[in-house]
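J.: Fold the following and give me the result.
(one chain, ligands or ions: 1)
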Amino acid sequence: MKLWGGRFEGQPSEVFERFSRSLYFDRRLIDADIRGSQAFARALEKVGILSAEERAQIVEALEKIKAEAQQPEFFEGSTDEDVHTLLIRKLKERTGAVADKIHTGRSRNEQVSLDMRLWLRDECRHAQTKLCALMEALLDLAEAYSNAVIPGYTHLRQAQAVLWPHYLLAYFEMFHRDCARWDDARGRANVLPLGSGALAGSGFPFDREAMARDLGFESISRNSMDVSADRDFVLDFLYAAATTMLHLSRLAEDWIIYTSEEFGWMELGDAVTSGSSLMPQKKNPDSLELIRGKCGRVIGCLTALMVTMKGLPLTYNRDMQEDKEPLFEAADQLIGSLEMARVVALSVKLNPERTRAAAAESWVVATDLAEALARSGVPFHQAHQIVGKLVLESLKRGKKPEDWTAAELDKFAPEFRGGTARLLDPAEGMKSREILGGTGPQAVAKALTDARKRVQQMRV
Ligand code: ARG
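T.: Predicted coordinates:
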């Protein structure tokens, strides 16, 4: 069946039909198409196109079709152009001529926008639920090693010591912002497009407020041409997905490094690693590498749609059908990656002795020493020079911070007098960082408790 054809004498080529068909991917929108069509049938009754009886017949038939559509056979052998065409064909098979009225004053251009908005509203919530579960797993992992000290990095060079929970809470904050981005993306999708017609507004006086209430939309679109031309709401979703994936990818990269033989800070569970077909000793972090790899794909989805849209004249163009595959692809990869990251996080075993030893071997305490000197009145630039010299001297003599005694330090520079030596222990210096957002032990304990509450509030 086709929803058009009267003005054609010839048949479409089989190649064109196959080329333009979207059913094999837009079939995911079937529930949304049914829900939208049921609401539209109610609207058609109100403007006098359908009788109460016809409306009831249509709504009921669509309900039965919804149940049937759960079975994969439902779509078997269908050669319809798209999901909208398929649904009308199925409706016609059930209700006969009355189905011919369902498309009165409606265009597929607004229908496809409606379906995607309905689908996206749910999918944003789905992503948020998975995100919350991951954030809770990260908090569990933080609490499991709440006193562990690790070196923090800049330029992948050891910089300053931080608490393990402080490090994990950095990712918590990224995911917390992501969650807000999902609310935002959902809000952008939550606008009723129905009533816009093909581009000029419907020729029937639908009560759009009532349609919005019926479908649970927060607001109503204000320009019919904008509706037909707009895919910003899909881009917003893809941007949120790409940013969340980017955060996951950085976490994956960190952990791939931290679990390497050279670092040996942590171990991933057997359940999330794989071996080599050739090298018997290997335990590879494939789950994390795949998360990192899939991030590239999702960024590709965002890029693909932006490039598709950038040169399109107003309003609808068939190019826009190319929005759905990147959208579904990004959503699937995102949900899968969030689930995977959670399972990996639950499997992690930290080796706090190794991380502490790593911090003790380098000069992550240098800033603590310089700041202690500054606190005792030495101008910071001078303090920086003194500690720099101490580091240089240590490197020359193969000395680690802990190899220095208090007396030796005092001898090296009189400014060190007065108990600076205790700061040679990486766990000590961080005690001066109790500032809000810092890695001081009390500040981190509070941040962790707050994070628990915040993630509970996020639960949707
Ligand atoms: N399948 C189309 C899409 O996804 C919607 C149908 C509108 N088609 C059209 N020729 N106006 O964008």
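
J.: Up against the ligand, what does the stretch 101-250 of the chain have?
T.: Proximity of the stretch 101-250 of the chain to the ligand, by CB under 6 Å from any ligand atom, involves residues 108-109, 112. Placement of C-beta: from N, CA and C, glycine included.

J.: from these, which is closest to Leu338?
T.: Val112 (27.2 Å; CB to CB).

J.: My read is that the closest one contacts His84, right?
T.: Yes: with contact defined as CB atoms under 8 Å, Val112 reaches His84; the gap is 7.1 Å.

J.: for the nearest residue to Arg186 once chain neighbours are set aside, what are its contacts?
T.: Nearest residue to Arg186, sequence neighbours excluded (CB to CB, 6 or more residues apart in numbering): Cys124, at 3.8 Å. Counting by CB atoms under 8 Å, 6 or more residues apart in numbering, Cys124 touches 182-183, 185-186, 189, 237, 240.

J.: May I ask which helix or strand encompasses Asp80?
T.: If you go by DSSP states H and E, Asp80 is not part of any helix or strand.

J.: the strands in the stretch 101-250 of the chain, which residues?
T.: Using DSSP state E, counting those that start in this stretch, the strands of the stretch 101-250 of the chain run over residues 149-154, 157-163, 191-192, 219-220.

J.: Please identify the most buried of these.
T.: By mean neighbour count, with neighbours taken as mean count of other CB atoms under 10 Å, strand 191-192 ranks first of the strands of the stretch 101-250 of the chain at a mean of 22.

J.: Averaged pLDDT, that one. What do you get?
T.: Averaging pLDDT along strand 191-192 yields 98.

J.: Over to stretch 65-72?
T.: Averaged over stretch 65-72, pLDDT sits at 95.

J.: On the three-state scheme, Ser78 is what?
T.: Three-state assignment for Ser78 (DSSP: H, G, I helix; E, B strand; the rest coil): coil.

J.: Angles on the backbone of it, please.
T.: phi -70, psi 130 (degrees, to the nearest 10).

J.: Quick check, pLDDT for the nearest residue to it once chain neighbours are set aside.
T.: Once flanking residues are discounted, Ser78 sits nearest to Leu86: 5.5 Å by CB to CB, 6+ apart. Note on Leu86: pLDDT of 97.

J.: Same check on the one 5 residues further on?
T.: Predicted confidence (pLDDT) at Leu91: the value is 98.

J.: and it, what does it touch?
T.: Shown in contact with Leu91 (CB under 8 Å, 6+ apart): 37, 58, 61-62, 65, 99, 102.

J.: check which helix or strand covers the residue nearest to Ser78.
T.: In the assignment (DSSP H and E), Leu86 maps to helix 83-95.

J.: What score does whichever residue of the stretch 251-400 of the chain sits closest to the ligand have for pLDDT?
T.: Of all residues in the stretch 251-400 of the chain, Gln321 sits closest to the ligand, at 3.6 Å by CB to the nearest ligand atom. Here, the pLDDT recorded for Gln321 equals 98.

J.: So what's the residue count around the residue in the stretch 101-250 of the chain positioned nearest to the ligand?
T.: Of all residues in the stretch 101-250 of the chain, Arg108 sits closest to the ligand, at 3.6 Å by CB to the nearest ligand atom. For Arg108, the count of nearby residues is 20 (other CB atoms under 10 Å).

J.: just the one 3 residues further on next, same as before
T.: The local packing of Gln111 (other CB under 10 Å) involves 24 other residues.

J.: Gly36 is in contact with that one, correct?
T.: Yes: with contact defined as CB under 8 Å, Gln111 counts as touching Gly36 (6.5 Å).
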